[in-house]
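Colleague: Model the structure of this input:
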Amino acid sequence: MIVEKQSFQLDYTFENGETIPLTLGYETYGTLNEKRDNVIYVAHYFSASSHAAGKYDEQDATPGYWDALIGPGKTIDTNEFFVVSIDNICNVAPHNRHIITTGPLSINPKTNEPYGLQFPVFTYRDMAKIAYAFLTTQLGISQMHLAIGASAGGFQVLELGCEYPDFVQRITGVITNAQNPTWTSLTVLQPAMRVLELDPAWPSKEATTGLELAVQMMNTGAFTSTFYEQNYPRPHVDEATYKSLKAPSTYEQALHDTLAKTLPLLEPTHWYYTCKATMLQDLARNRGSLAEAANRFKAPILMISCDDDLLQPSTYNDSFVNLLKGLGKEATHFHYESKLGHMAGILDTTPYEATLKQFIGTTNVSIE
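Modeller: Okay, here's the model as predicted:
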């Protein structure tokens, strides 16, 4: 499936009251039907983009991150559905030529200089509102068949269904939660922000030492210890690191080499803002309580989690689904084990494909 990146523009007022012009990229797969009711919205995870499936060119080394799920005849069947995905504000990889985003690197029209750290703080509720504005006013869509997102993308689709309960017919959150766990904020996100600030080159693109450590924090939390022992083994003979204080171990060097492949595409300030947005995720904010927020939902909700996920633990999904059921809502929790941990939701999709396909295929859903 060959795909192309498109873009849209709109003026948006953030939750904090600031209004700026936005340009964001998006991709579509499949064909919008005459009734415009076969739409599936896919929100991307922290370090991904709207490139959820297909290739830009046959020669591309890899397809979009959820290509196993999305495409002709697949679980999200593009022969039947029109799939839309949008690049997030402050996408962490603005130096990737296929990503179109607005963030600290963008030019502030009021000053003709980059926004830098004057860029507005954003939330995934902001992203949900931006997606709604684009889908309704520019694509003319009045209701969606499904909104699905992984990790931070799950934050966004839960916000979308909560803020616009009549707009979304079904919601699926994969490796995500209604509120970002405090543990994740304090062990991955806040330390990443602090280490970026400590880099002497902060906040410029040259803050690569801090950026590499920030990315490493996210990556190590996103997989299990089993994964790391298998993919970054400790050799029995590793003489250099025993002889020199500064010499990295073999597994340290291996991880450095892995991260080095993507670092040139990333931007320290964009990573920083996205960490902040992830820390801020709270479905209950300005809605009274989590129970009051949950009571706003009209659409059936399917939560999919990995029991080995450190960043978005399955137990939180259990609690949220039980809360929804207690309020008389239709909610299901599917969970499974995988050594891939958090990233199982992206890289190990086979265990949940049948459940997701059945959920997508349910007909005559009423959210009145």
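Colleague: For the residue nearest in space to the middle of the chain, which non-adjacent residue is spatially closest?
Modeller: Centroid check for the chain by C-alpha atoms, centre = their mean gives residue 45 as the closest residue, at 1.5 Å. Nearest non-adjacent residue to residue 45, counting by C-beta to C-beta, 6 or more residues apart in numbering: residue 151, 3.8 Å away. All C-beta atoms are positioned from the backbone trio N, CA, C, and that covers glycine.
Colleague: what sits against that neighbour?
Modeller: Taking C-beta atoms under 8 Å, 6 or more residues apart in numbering, we find residue 151 in contact with 45, 46, 174, 175, 176, 311, 312, 342, 345.
Colleague: Secondary structure element holding the nearest residue to residue 260 once chain neighbours are set aside?
Modeller: Closest residue in space to residue 260, ignoring its immediate chain neighbours: residue 212 at 7.9 Å, by C-beta to C-beta, 6+ apart. Here residue 212, judged by DSSP states H and E, is contained in helix 208-222.
Colleague: So which elements touch that helix?
Modeller: Judged by 3 or more C-beta pairs under 8 Å, 6 or more residues apart in numbering; DSSP states H and E, helix 208-222 is in contact with helix 190-198, helix 250-260, helix 268-280.
Colleague: Quick check: which ranges of this structure have low pLDDT?
Modeller: Applying pLDDT under 70 to the chain picks out residues 362-368.
Colleague: again, 90 this time
Modeller: Where the chain drops to pLDDT under 90, the residues are 16, 234-239, 362-368.
Colleague: Where do the helices of it begin and end?
Modeller: 124-133, 152-163, 182-184, 190-198, 208-222, 225-231, 239-243, 250-260, 268-280, 290-294, 314-326, 344-347, 350-361 (DSSP state H).
Colleague: Could you list the residues in contact with the shortest one?
Modeller: Applying C-beta under 8 Å, 6+ apart, the external contacts of helix 182-184 come out as 221, 278, 310, 311, 312.
Colleague: if we can go back for a sec, which residues touch the residue nearest to the centre of the chain?
Modeller: 65, 149, 150, 151, 152, 153, 175, 346.
Colleague: ditto for residue 306
Modeller: 175, 314, 335, 336, 337, 338, 340, 341, 342, 344, 345, 348.
Colleague: Please produce a ChimeraX select command covering the buried subset of the residues you listed.
Modeller: A single ChimeraX command selects the buried members of these (16 or more other C-beta atoms under 10 Å):
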select :175,314,335,336,338,340,341,342,344,345,348
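Colleague: Now, the contacts of residue 306 that are in strands?
Modeller: Counting by DSSP state E, the part of the contacts of residue 306 found in strands is 335, 336.
Colleague: Nearest to residue 261, out of the contacts of residue 306: which one, please.
Modeller: Among the contacts of residue 306, residue 340 lies closest to residue 261 (C-beta to C-beta), at 19.0 Å.
Colleague: Would you confirm that that closest one contacts residue 225?
Modeller: No. Assessed by C-beta atoms under 8 Å, residue 340 is found out of contact with residue 225, at 11.9 Å.
Colleague: Neighbours of the closest residue to residue 276 other than its chain neighbours, how many?
Modeller: Setting aside the residues directly before and after it, residue 276 is nearest to residue 121 in space (C-beta to C-beta, 6+ apart), at 6.3 Å. Using other C-beta atoms under 10 Å, the number of residues around residue 121 comes to 14.
Colleague: I'd say residue 121 and residue 272 touch.
Modeller: No. When contacts are counted by C-beta under 8 Å, residue 121 is not listed as touching residue 272 (10.7 Å).
Colleague: returning to what we had before: among the helices and strands packed on helix 208-222, show me which one is buried the most.
Modeller: Per residue and on average, the most neighbours among the helices and strands packed on helix 208-222 fall to helix 268-280, with a mean of 23 (mean count of other C-beta atoms under 10 Å).
Colleague: and it, C-alpha only, in PDB?
Modeller: What follows is helix 268-280, C-alpha atoms only, in PDB (Å, rounded to 0.1, in the frame of the first residue of the first chain):
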ATOM      1  CA  PRO A 268      15.200  18.100  22.200                       C
ATOM      2  CA  THR A 269      12.600  20.700  22.800                       C
ATOM      3  CA  HIS A 270       9.900  18.700  21.000                       C
ATOM      4  CA  TRP A 271      10.800  15.700  23.200                       C
ATOM      5  CA  TYR A 272      10.500  17.900  26.200                       C
ATOM      6  CA  TYR A 273       7.100  19.200  25.400                       C
ATOM      7  CA  THR A 274       5.800  15.700  24.600                       C
ATOM      8  CA  CYS A 275       7.100  14.500  27.900                       C
ATOM      9  CA  LYS A 276       5.200  17.300  29.600                       C
ATOM     10  CA  ALA A 277       2.000  16.500  27.700                       C
ATOM     11  CA  THR A 278       2.200  12.900  28.700                       C
ATOM     12  CA  MET A 279       2.700  13.800  32.300                       C
ATOM     13  CA  LEU A 280      -0.300  16.000  32.200                       C
END
